[in-house]
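Peer 1: Based on what follows, work out the 3D shape:
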Amino acid sequence: MEKRAIIAAMLMAGLLMVYQFMFVKPEPQQTAPPGKKAEAPVSPGSNPPAASTPGPVPATSPPPAKEIPRPPERMVVVDTPLYRAEVGSNGGEIKTWVLRYRGEKPLVVAGLTGSEGLEVGRAGAPPQPVAFSIEPQALKLTKENPAGTLTLAGGDGFGLEVKETLGFHADSYVVEQSIKVENRHSVAQSAEIILPWRAPVEWPKELGEKFQGQHPIRTVRLAGGSVIREDVHSVAERRAEGAWIALESEWYLAALIPQGSGWHLSERKISQNVPGQAKPRELVQIEVRTTLPVLEPGQAWEGKVTIYVGPKEHARLKGVGAGLEKSIYFGGFPLPQSYGGLPMEWLAVPIMALINIFHAYSGNYGVAIILLTIITKVLFFPLTLKSMTSMKAMQTLQPQINALRSKYKSDPQRLQRETMELYRANKVNPLGGCLPMVVQIPIFYALYVALSVSVEMQNAPFICFGRLPKWMPLLGGQDLWICDLAAYDPTYILPLLMGASMFVQQKMQPVMGDPRQAKMMLFMPVLFTFMFLNLPSGLVLYWTLSNVFQIAQQKYMERGAKNQKPTAQKPTARALKKA
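Peer 2: Next comes the predicted model:
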């Protein structure tokens, strides 16, 4: 293989090694575009003004309409094929949300993460959750009973009657929240409706994460078509306009999506006293809030908010219809500022969609990757055929090239001209051997991104025999064999197979150029083996099978070449002139 092939291979290796450091990182916080209103900070305890208020909002609360007895706390279990949730009557807070996603995964932990329910805020007093009655006593959804609702009703003690309806679906992680507020007092009044969601800044060490990605690590929101991310440690108190706001880990999301105008997004840090601990716990809180218009006696206001609590599957997020799929950050190639960036999702999303189609029929993501490899090799077979033909032709010309090197070893420019003329005379493209490798780099790169950021591949097994006993040396407690396609192979069997297949492929390729260069190329399988040791198993599986199919194609080409008569070599124009 020529130097250009070496450069192409090393370029691919370099891209893989620097990708995680340069590209897969949270997008920097973006400032508001010129000409748009900047986000205004919110002072603790203050009420932001409504977008459109028909009259002045009372500075103080009216006297209580009547003493409303606070019903005892009740919990209602919502059981669906995708999750199990517990909703409390104190504000309608979501106390528990356990995903049924390749095992039981508690995404909401009572007292630590989750919704704080519906709160009513008034000037001069902290927001208070509404004491609701809640019906029915339980809700179980199945394919035969795909949807259901919980109805909550209560008052704030100052004449505002609040009714809330939570809609659940058996095939979705979306909760549809409908709110109706009616003024039952004898005087006009207003208040603020707040829907908060909390998570700890630091996950408690004594609890430990039950699964990778349980702990939200960033806030993310969509404003003006741009996604703005911020680490939970850096969150400052602010209010903003936007389509939605969420708390996210790499693979899971809790998002609040207001419907209609008049809503605001906000985020801030709060402190929580923990029993038995002297130091309060620091929490980050995202909110969707709105200031009600002044409601005359008997008047009502209605609003809607959509909640998504689940995995960051691209198809599901896109199905919500609010641009929630933009919460998945695929990274991108940096380009000159005049050209913008090249989002990797242009390649990663179609590849992941194709893998999901194959998975729907096979039921195994490893099999889906095998099918993707076959499709790729079939599509690129014409290029592979052209590459092998070019390499064979260059091997045939190698004696003449070596003669030119000996003749013009002191004149590099003349050697280059004579060599290129020899290639032209025999219609040989010196770059033809590198073409399949160069074309496959974007697919390989996009597959790496998809495996790294797509939750579909997390904990997805291929050939999983179980977990080895912990008492075993070295591999004790490790999975056997490939139980997670998004993680590295703990036995390192697959990377070694990849290195062996690459070595066989190198040995089968025609020897061209300097023999010392050919020996150096035999070191490439060793280098790639070490590179692939800690890469996702799904990626190593793709590359290994790609090598195996490449070997099969080379065998097929060699068998066909034996049945063909060798073609005569054409001398260059200068050689004919000298003759």
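
Peer 1: quick check, distance from the lengthiest helix in the chain to the centre of its chain.
Peer 2: Using DSSP state H to define each element, the chain has its longest helix at helix 537-562. Chain-centre distance of helix 537-562: 31 Å, with C-alpha atoms, centre = their mean, to the nearest Å.

Peer 1: Rounded mean pLDDT for it, please.
Peer 2: Taken as a whole, helix 537-562 carries a mean pLDDT of 83.

Peer 1: 29 is where my numbering starts, stick with that
Peer 2: OK, 29 is where the count begins now, so the last one is helix 565-590.

Peer 1: Enumerate the positions of that helix that are buried.
Peer 2: 565-579, 581-582, 585 (16 or more other C-beta atoms under 10 Å). Backbone N, C-alpha and C define where each C-beta goes, glycine included.

Peer 1: And it, what does it pack against?
Peer 2: helix 393-407, helix 409-424, helix 463-481, helix 521-536, helix 552-560 (3 or more C-beta pairs under 8 Å, 6 or more residues apart in numbering; DSSP states H and E).

Peer 1: Where does pLDDT dip in this structure?
Peer 2: 29-89, 91-99, 360-371, 458-465, 500-505, 537-548, 588-607 (pLDDT under 70).

Peer 1: now with 50?
Peer 2: Within the chain, the segments meeting pLDDT under 50 span 29-36, 39, 43-88, 363-368, 594, 596, 603-607.

Peer 1: the helices in it, which residues?
Peer 2: Using DSSP H, helices in the chain cover 31-50, 342-348, 373-390, 393-407, 409-424, 426-435, 440-453, 463-481, 521-536, 543-549, 552-560, 565-590, 601-606.

Peer 1: and Ala219, which of those helices is closest to it?
Peer 2: Nearest to Ala219, of all the helices of the chain, is helix 342-348, at 28.9 Å by C-beta to C-beta.

Peer 1: Who are the packing partners of the closest one?
Peer 2: Against helix 342-348 (3+ C-beta pairs under 8 Å, 6+ apart) you get strand 328-339, helix 373-390.

Peer 1: Any chance of JSON lines for these, columns distance to Gly359 and mean neighbour count?
Peer 2: Putting the helices and strands packed on helix 342-348 into JSON lines (distance: least, C-beta to C-beta, whole Å; neighbours: other C-beta atoms under 10 Å) gives the following:
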{"stretch": "strand 328-339", "distance to Gly359": "19", "mean neighbour count": "19"}
{"stretch": "helix 373-390", "distance to Gly359": "9", "mean neighbour count": "17"}
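
Peer 1: these two touch, right, Lys238 and Pro134?
Peer 2: Yes: in this structure, Lys238 is within contact of Pro134 by C-beta atoms under 8 Å, at 5.7 Å.

Peer 1: Between those two, which is the more surrounded one?
Peer 2: Counting neighbours by other C-beta atoms under 10 Å for Lys238 and for Pro134 shows that Pro134 has the greater number, 18 against 14.

Peer 1: Look up which residues are beta-bridged to the residue nearest to the more buried one when sequence neighbours are not counted.
Peer 2: Leaving out its chain neighbours, the residue that sits closest to Pro134 by C-beta to C-beta, 6 or more residues apart in numbering is Val126, at 4.9 Å. Judged by DSSP bridges, the bridge partners of Val126 are Arg112, Pro134.

Peer 1: what's Val126 in contact with, if anything?
Peer 2: 111-113, 132-136 (C-beta atoms under 8 Å, 6 or more residues apart in numbering).

Peer 1: Same check on Asp107?
Peer 2: 166-169.

Peer 1: List only buried entries from those.
Peer 2: Here, 16+ other C-beta under 10 Å leaves 167, 169 buried among the contacts of Asp107.

Peer 1: Could you identify the most distant pair in the contacts of Asp107?
Peer 2: Ala166 and Leu169, at 10.9 Å, using C-beta to C-beta across the contacts of Asp107.

Peer 1: Now for those two: what residues contact both?
Peer 2: 106-107.

Peer 1: picking that back up, for Gln534, state which of the contacts of Val126 is nearest.
Peer 2: Taking the contacts of Val126 together and measuring to Gln534 by C-beta to C-beta, the closest member is Lys133, at 43.6 Å.

Peer 1: Tell me how far the closest residue to the closest one other than its chain neighbours lies from Asn392.
Peer 2: Nearest residue to Lys133, sequence neighbours excluded (C-beta to C-beta, 6+ apart): Leu127, at 4.2 Å. Distance, Leu127 to Asn392, using C-beta to C-beta, to the nearest Å: 21 Å.

Peer 1: repeat for Arg344
Peer 2: 20 Å.

Peer 1: Which one's more surrounded, those two?
Peer 2: Shown here are Arg344 and Asn392; by other C-beta under 10 Å, Arg344 has more neighbours (20 against 16).

Peer 1: In contact with Trp279, which residues?
Peer 2: Shown in contact with Trp279 (C-beta under 8 Å, 6+ apart): 240-241, 339-340, 481, 483, 486.
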